[in-house]
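# Turn this into a structure:
(one chain, ligands or ions: 2)
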Amino acid sequence: MTIDSHAPADTEAVGAALSTRLLQRGVRHAFVSLCGEMGVGKTAFVRGFASTLGCRGVKSPTYTVVNEYMGSPLPVFHFDLYRVADEEELYGIGFDDYLARDGYCVCEWSENGGDLLPPDRITVTIARCESGESDRRITIEGEPDEDSCI
Ligand SMILES: Nc1ncnc2c1ncn2[C@@H]1O[C@H](COP(=O)(O)OP(=O)(O)OP(=O)(O)O)[C@@H](O)[C@H]1O
Ligand SMILES: [Mg+2]
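Residues are numbered from 1 along each chain as shown. Ligands and ions are numbered 1, 2, ... in the order given. Below you'll find the model as predicted:
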């Protein structure tokens, strides 16, 4: 699925739409990888994604690796692996434990997660467009369809 965004609010809305679909399909467990260069809008996407679970004040967890938001009906775990040096460091913060919990993991710079990333994941790629300074193309892959959910 590919959607065009022309402003931060659009990107937030695409994030909100994804979490809404997951909730509607009864998905209690998801890992969302956010790909795209620095400053492209990954955190903006997460802000929208988390908003449907009632989570406010989303900002980049760059210095803490993960921010936990006690959303309803599910928590959101917002990772930013930009500064994570290796898989051992990630393991050390309990990455595996987060994956095992009910809730939605959203992960910026998941490229640094290596083999610790779950194989079943939704990949969101945000790319700048030449058409305008605020234009982005957002591609969502690996989203579970209605049939694969209970
Ligand atoms: N269509 C758009 N969608 C999202 N952000 C946009 C858009 N147009 C402009 N922006 C601006 O781009 C910036 C995106 O910042 P954001 O922190 O979300 O990026 P990021 O990908 O998380 O960066 P980083 O890799 O540093 O974590 C904001 O300043 C926002 O206002
Ligand atoms: Mg960010």
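
# contacts, neighbours, all on C-alpha from now
Noted.

# element containing the residue most central in space within the chain, please.
Central residue of the chain (C-alpha atoms, centre = their mean): residue 106, 2.9 Å from the mean position. Element membership of residue 106 [criterion: DSSP states H and E] is strand 103-108.

# Then residue 11?
Residue 11 is located in helix 8-24, with elements delineated by DSSP H and E.

# Go through that helix and flag the buried ones.
With burial defined by 16 or more other C-alpha atoms under 10 Å, the residues of helix 8-24 counted as buried are 8, 10-16, 18-20, 22-23.

# quick one on the thing from earlier: if I pick the residue nearest to the centre of the chain, what's in contact with it?
31-34, 46, 76-79 (C-alpha atoms under 8 Å, 6 or more residues apart in numbering).

# and what of residue 134?
Residue 134 neighbours (C-alpha under 8 Å, 6+ apart): 5-8, 128.

# that older thread, for the helix holding residue 11, name the packing helices and strands.
When contacts are defined as 3 or more C-alpha pairs under 8 Å, 6 or more residues apart in numbering; DSSP states H and E, helix 8-24 packs onto helix 42-51.

# hmm, who's touching the helix it packs on?
With contacts defined as C-alpha under 8 Å, 6+ apart, helix 42-51 is touched by 8-9, 11-19, 34-36, 56-60, 71, 76, 78, 106, 108, 126.

# continuing past that helix, what's the next helix or strand?
Taking DSSP H and E, what comes next after helix 42-51 is strand 66-69.

# Narrow the contacts of residue 134 to those that are buried.
So, by 16+ other C-alpha under 10 Å, the buried ones in these are 5, 8, 128.

# quick one, phi psi at the first one?
Backbone geometry at residue 5, expressed as degrees, to the nearest 10, gives phi -120, psi 140.

# I appreciate the help and will end here.
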